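1. Show me the folded form of this:
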Amino acid sequence: QLQVVESGGGLVQPGGSLRLSCAASGSGFTLDYYAVGWFRQAPGKEREGVSCINSSGGRTNYADSVKGRFTVSRDNAKKMVYLHMNSLKPEDTAVYYCAKRGPSCGGWGPEEYDHWGQGTQVTVSS
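-> From the prediction side, this is the model:
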């Protein structure tokens with residue numbers, strides 16, 4: 001069964017940092033040829049796009065709310081995609097998901113992505 005798996009969430013104080021990881025799980029399944037998007041969903045809110053990185057890693061997109069604080073990267077040799085989160089704020093608290101789409105990033109519509117993971121909880125609180 002092909003799956004995408006997120007990890008790295010946790011509890012962090014405001015101003016702190018976390019690194020989330022996204023990996024493909026399943027025989028022969030790799031994220032190398034796909035753009036990967038990061039999304040988040042806070043309680044009572046809709047899922048929102050946070051960042052996207054294209055298949056080569058040469059192009060990235062960010063939501064205005066995280067620009068300058070979050071950085072997305074990928075290591076195709078390790079078959080991993082990362083979301084580096086700095087200067088975290090309480091409003092960043094959410095379940096974070098990764099998902100794949102075609103080789104290029106596009107809109108932020110969740111319907112444009114597939115193979116969603118189960119998510120990893122990020123809580124920013126003092």
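2. For residue 91, grab the count of nearby residues.
-> 10 (other Cβ atoms under 10 Å). Where you see a C-beta, it was placed from the backbone N, CA and C, and this is true even at glycine.
3. wait, residue 64
-> Neighbours of residue 64 using other Cβ under 10 Å come to 6.
4. Equivalent analysis for residue 97, please.
-> Residue 97: 23 neighbours (other Cβ under 10 Å).
5. Check the secondary structure at it for me.
-> strand (DSSP: H, G, I helix; E, B strand; the rest coil).
6. Send over the helix or strand bottoming out on mean pLDDT in the chain as PDB, restricted to the C-alpha atoms.
-> The weakest-scoring helix or strand in the chain, judged by mean pLDDT, DSSP states H and E, is strand 3-7 (a mean of 91). The C-alpha trace of strand 3-7 is given here as PDB (Å, rounded to 0.1, in the frame of the first residue of the first chain):
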ATOM      1  CA  GLN A   3       1.500   5.900   1.800                       C
ATOM      2  CA  VAL A   4       2.900   9.300   2.700                       C
ATOM      3  CA  VAL A   5       4.100   9.600   6.300                       C
ATOM      4  CA  GLU A   6       4.800  12.800   8.200                       C
ATOM      5  CA  SER A   7       6.900  13.000  11.300                       C
END
